[in-house]
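Q: sequence plus the predicted model coming up.
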Amino acid sequence: MKKHLLLVSTLAISLINAQSNDALKKEFERQNKENNAKFDIYVAKHYGTFRTLETQEEIENERSKLAGFLPDGRPYFYEPHDMDQILNSNADFIQGGTISGLTGSFNGEGINFTIFDGDNGSAKGRVYANHIFFNNIPNRISNKEATTMNYGAHSTTVASFIGAKNYPYTVQFTDGTTRQVNFKGIAPNSTIDAYNFGTTTLPGNSTASTVFDKILIAQPNISNHSYGTNQGWDETTINGAYSWIWRGAYASPNTSVDAQGSYYTNDRNYDQIVYNNPSYIIVKSSGNSYGMGPTGNNTPKYYLNSSNTPVAFSATDTLPQNNCALGYDCIGFGSLAKNIIVVGATDRITANGGRYTLSGDVVHSDYSSAGPRDDGGIKPDITTVGTSVAGASTPEDSVGGSQLTVGNGTSYSAPVVTGIIGLWTQINKQLFSGSALNAASAKTLMIHSAKEAGNIGPDPQFGWGFIDAKKGAELLVAKSNNSIIFNNETLNSGTKNNKTVKASGTEPLKVTISWIDPEFKAFTNQWSDLYNNRTSKLVNDLDLRIIDTTTNISYTPWKLDALSPMTPATKGDNTVDNVEQVVLDSPVAGRTYRIEITNKGTLVNNAATPVLTPQNYSIIVTGFSEVLGTKDVTNATNGIVIAPTLTKDIVNILKAPKKSSFSVYDLSGKKLQSGVINSAQEAVSLSSYTNGIYIIEVKTDKDVISKKVIKE
């Protein structure tokens with residue numbers, strides 16, 4: 001949570017996965033035991049043997065929030081990251097049922113979210129399920145922690161951004177001003193399972209579970225994680241005074257290193273979980289540490305020695321720069337993983353009725369942590385509004401109550417994205433026989449549909465842009481009528497996957513792919529391995545290209561410069577991201593372009609000894625009028641005719657040699673039917689298919705020809 005604008009006020013009203021996860025559970029158990037042993041050593045060194053009851057409670061609270069250890073043995077801890085969210089993101093178009101091609105409205109019916117949250121370790125953090133914002137449907141919130149845990153304001157707020165009911169209200173601020181808001185969340189008819197992010201003993205268990213254990217227990221399709229770690233300057237209280245604390249390493253008078261932007265154990269754990277469970281869509285806040293630090297103020301400032309004891313900087317010491325002093329590089333451990341979705345925060349869009357009209361409408365919130373990962377990997381992945389937004393709250397006790405709050409934080413932007421992905425999943429289930437999005441397809445859809453923000457292309461503050469719920473829904477409809485390619489595909493090592501399309505010329509030709517990459521393992525527990533390590537964290541490096549078949553020009557994907565991230569993104573060989581996007585802003589109408597997906601090296605899995613394994617990926621292609629076979633035969637010289645090209649049922653193949661074969665494909669390249677031509681007029685029925693665009697391909701002993709047809 002960050003910079004509250006309003007004091008809280010009371011309202012007047014599968015088997016393979018199971019086997020892989022068993023090994024993961026054992027690994028997390030090993031990590032937990034190792035961390036607890038290290039923590040015991042730290043406690044003995046830091047607190048001594050004589051401890052008051054208050055000190056012991058502090059120790060146990062720290063243990064519950066323990067996230068890991070820095071290379072010098074110091075512990076680091078999780079901390080919370082904190083009708084605008086709906087209008088700004090265009091989610092109301094989905095909620096209101098105004099997306100052409102969809103039946104009904106979508107408000108999260110049948111969608112279950114899981115949140116991992118908390119306020120202060122294990123002491124509190126349950127969502128107040130009886131809040132008036134959640135009473136539109138019975139049993140919407142299921143708390144999975146022990147009933148002895150107090151309710152938490154932060155977790156209740158996060159849950160409300162996902163699923164609060166429609167609730168207009170006039171908020172009065174402490175300065176006497178008022179604002180009409182609606183506390184409605186993105187998916188107000190969804191259900192939510194709630195866990196604490198701290199290490200706690202769940203009901204029915206005899207041993208404590210870390211957040212990673214809990215993810216495996218929960219088996220969530222879509223989960224929200226509004227917490228993280230700060231590895232630079234942080235706020236604290238020392239000797240009763242508000243102070244700055246440097247959480248990197250420091251040696252007087254001028255030597256400092258830090259782990260901001262560093263891929264570490266927590267990131268590896270998230271990546272491993274998603275690789276083993278590709279249906280898990282994990283959404284995480286980027287953090288609120290941007291701009292923190294003592295520069296420009298007289299606040300007392302300290303660094304931590306190897307015993308985690310604060311040491312005051314001397315007057316002659318050179319202080320480390322404020323976090324993200326150059327505009328980039330202040331995201332902490334756990335929010336730099338490849339296979340999750342990391343969310344930054346922007347200010348409210350108040351002009352234009354709350355609607356995005358151009359990139360300048362999107363303003364980076366002055367606290368929202370910026371990337372990239374130290375190897376240049378794009379983080380955050382996406383942004384949405386998180387500043388001056390209104391949500392539910394509760395007293396942090398065992399009784400709870402219906403309160404509200406208005407505040408700022410990436411804690412608040414992350415659940416907006418989580419909710420939107422839930423609505424997209426609901427749409428996907430309606431359109432495609434109950435099928436849910438997976439981690440790769442959700443990210444591909446989110447990035448391909450994102451609106452431009454900041455620099456053209458991706459950048460360290462906005463990632464791939466500003467989320468657009470409406471555009472994502474429209475792409476799902478377009479997939480259903482075969483007017484775009486949106487597919488899950490597989491690449492075999494050393495092969496090349498090709499698609500040939502004809503550009504429409506009415507919009508950019510745009511291709512986005514993403515894949516779930518094995519976790520990066522090759523790092524040691526040394527500061528030299530953390531601080532500004534530029535080694536790529538990719539294991540399987542896929543390459544996306546668009547080739548102009550007329551000029552043979554090859555177009556490459558976006559990439560950031562790890563050494564100069566604020567320089568606008570360029571296009572070239574991207575060796576660090578498991579997302580690649582190629583955009584031709586002005587393709588030649590009617591010209592043929594070939595889309596190629598290849599790989600460097602050898603594609604492997606995440607086994608202890610990796611073995612050759614095909615890599616699955618998700619792909620979206622827009623901006624084309626036709627998918628071509630080997631030849632385009634609009635005016636075939638061999639006499640073969642495919643007609644009519646606009647039909648309600650039957651298409652005829654005329655004058656094809658007998659014993660030729662035909663196939664029918666959708667625009668993703670999936671073969672729907674095939675047969676042998678036995679007459680001069682072969683009838684092909686499309687009656688069982690949905691309305692949309694299809695490709696009919698005819699193979700003779702000399703040619704392969706194809707034709708686009710439209711079923712209406």
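A: All right, it came through fine.

Q: alpha carbons of stretch 454-461, as PDB, please.
A: Below are the C-alpha coordinates for stretch 454-461, written out as PDB (Å, rounded to 0.1, in the frame of the first residue of the first chain):
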ATOM      1  CA  GLY A 454       5.300   6.000 -22.600                       C
ATOM      2  CA  ASN A 455       7.800   5.400 -25.400                       C
ATOM      3  CA  ILE A 456       6.700   3.700 -28.500                       C
ATOM      4  CA  GLY A 457       7.100   0.000 -28.000                       C
ATOM      5  CA  PRO A 458       7.900  -1.500 -24.500                       C
ATOM      6  CA  ASP A 459       9.700   0.500 -21.900                       C
ATOM      7  CA  PRO A 460      10.800   0.200 -18.200                       C
ATOM      8  CA  GLN A 461       7.900   2.100 -16.600                       C
END
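
Q: rounded mean pLDDT for it, please.
A: Taken as a whole, stretch 454-461 carries a mean pLDDT of 96.

Q: list the buried residues in it.
A: 454, 455, 457, 458, 459, 460, 461 (16 or more other Cβ atoms under 10 Å). Every C-beta, even on glycine, is put in place using the N, C-alpha and C of the backbone.

Q: out of the residues you listed, which is nearest to residue 646?
A: Nearest to residue 646, judged by Cβ to Cβ, of these is residue 457 at 38.3 Å.

Q: spit out the contact partners of the closest residue to the closest one other than its chain neighbours.
A: Leaving aside its sequence neighbours, residue 457 sits nearest to residue 569 (Cβ to Cβ, 6 or more residues apart in numbering; 3.6 Å). Residue 569 sits next to 455, 456, 457, 458, 459, 558, 559, 560 when contact means Cβ atoms under 8 Å, 6 or more residues apart in numbering.

Q: if we can go back for a sec, of the buried residues of stretch 454-461, which is the nearest to residue 693?
A: residue 457 (29.6 Å).

Q: give the contact list for the closest one.
A: Applying Cβ under 8 Å, 6+ apart to residue 457 gives the contacts 558, 568, 569.

Q: specify the beta-bridge partners of the residue nearest the centre of the chain.
A: Closest to where the C-alpha atoms of the chain average out (Cα atoms, centre = their mean) is residue 341, at 1.6 Å. Applying DSSP bridges to residue 341 gives these bridge partners: residue 283.

Q: next one: residue 178
A: Beta-bridge partners, per DSSP bridges, of residue 178: residue 172.

Q: confidence score at it?
A: 84.

Q: looking at it, it is touching residue 172, isn't it?
A: Yes - with contact defined as Cβ atoms under 8 Å, residue 178 and residue 172 form a contacting pair (5.0 Å).

Q: how is this protein carved up into domains?
A: 478-627, 641-711 (automatic domain parsing).

Q: about what we covered before: from the contacts of residue 457, which is closest to residue 701?
A: residue 558 (44.3 Å).

Q: and that closest one, how many neighbours does it have?
A: 22 (other Cβ atoms under 10 Å).

Q: OK, contacts around it?
A: 457, 458, 569, 570, 571, 574, 580, 581, 582, 583.

Q: hang on, the earlier thing: dihedrals phi and psi, the residue nearest to residue 457?
A: Phi and psi for residue 569, reported as degrees, to the nearest 10, are phi -60, psi 150.

Q: buried ones in the top helix by length along the chain?
A: In the chain, taking DSSP state H as the definition, the longest helix is helix 15-47. For helix 15-47, the neighbour count (16+ other Cβ under 10 Å) marks 17, 20-21, 24, 28-29, 31-32, 35, 38-39, 42-43 as buried.

Q: also stretch 352-360?
A: 354, 356.

Q: what does the model give the residue lying closest to residue 443 once chain neighbours are set aside for pLDDT?
A: Excluding the flanking residues, the one nearest residue 443 by Cβ to Cβ, 6+ apart is residue 514, at 4.7 Å. We have a pLDDT of 98 for residue 514.

Q: could you do the one 10 residues further on as well?
A: According to the per-residue confidence, residue 524 scores 82 in pLDDT.

Q: what's the burial count for it?
A: 8.

Q: next up, the contacts around it.
A: Per Cβ under 8 Å, 6+ apart, neighbours of residue 524: none.

Q: let's verify it: helix, strand, or coil?
A: Here residue 524 is recorded as coil under DSSP: H, G, I helix; E, B strand; the rest coil.

Q: mind checking how far it is from residue 256?
A: 20 Å (Cβ to Cβ, to the nearest Å).

Q: now do residue 54
A: Per Cβ to Cβ, residue 54 is found 33 Å from residue 256.

Q: look at the two and report which has more neighbours.
A: Shown here are residue 54 and residue 256; by other Cβ under 10 Å, residue 256 has more neighbours (18 against 8).

Q: so the more buried one lies in a helix, does it not?
A: No - secondary structure assignment (three-state DSSP) places residue 256 in strand, not in a helix.

Q: residues in contact with the residue lying closest to it once chain neighbours are set aside?
A: Computed as Cβ to Cβ, 6+ apart, the closest residue to residue 256 that is not its neighbour in sequence is residue 320, at 4.3 Å. Shown in contact with residue 320 (Cβ under 8 Å, 6+ apart): 232, 233, 246, 248, 250, 256, 258, 293.

Q: what does residue 389 give?
A: 84, 85, 161, 348, 406, 407, 408, 412.

Q: could those residues go into JSON lines alongside secondary structure and pLDDT?
A: Formatted as JSON lines, the entries for these read as follows, by DSSP: H, G, I helix; E, B strand; the rest coil; pLDDT from 0 to 100:
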{"residue": "84", "secondary structure": "helix", "pLDDT": "76"}
{"residue": "85", "secondary structure": "helix", "pLDDT": "86"}
{"residue": "161", "secondary structure": "helix", "pLDDT": "97"}
{"residue": "348", "secondary structure": "coil", "pLDDT": "94"}
{"residue": "406", "secondary structure": "strand", "pLDDT": "90"}
{"residue": "407", "secondary structure": "strand", "pLDDT": "90"}
{"residue": "408", "secondary structure": "strand", "pLDDT": "94"}
{"residue": "412", "secondary structure": "helix", "pLDDT": "96"}
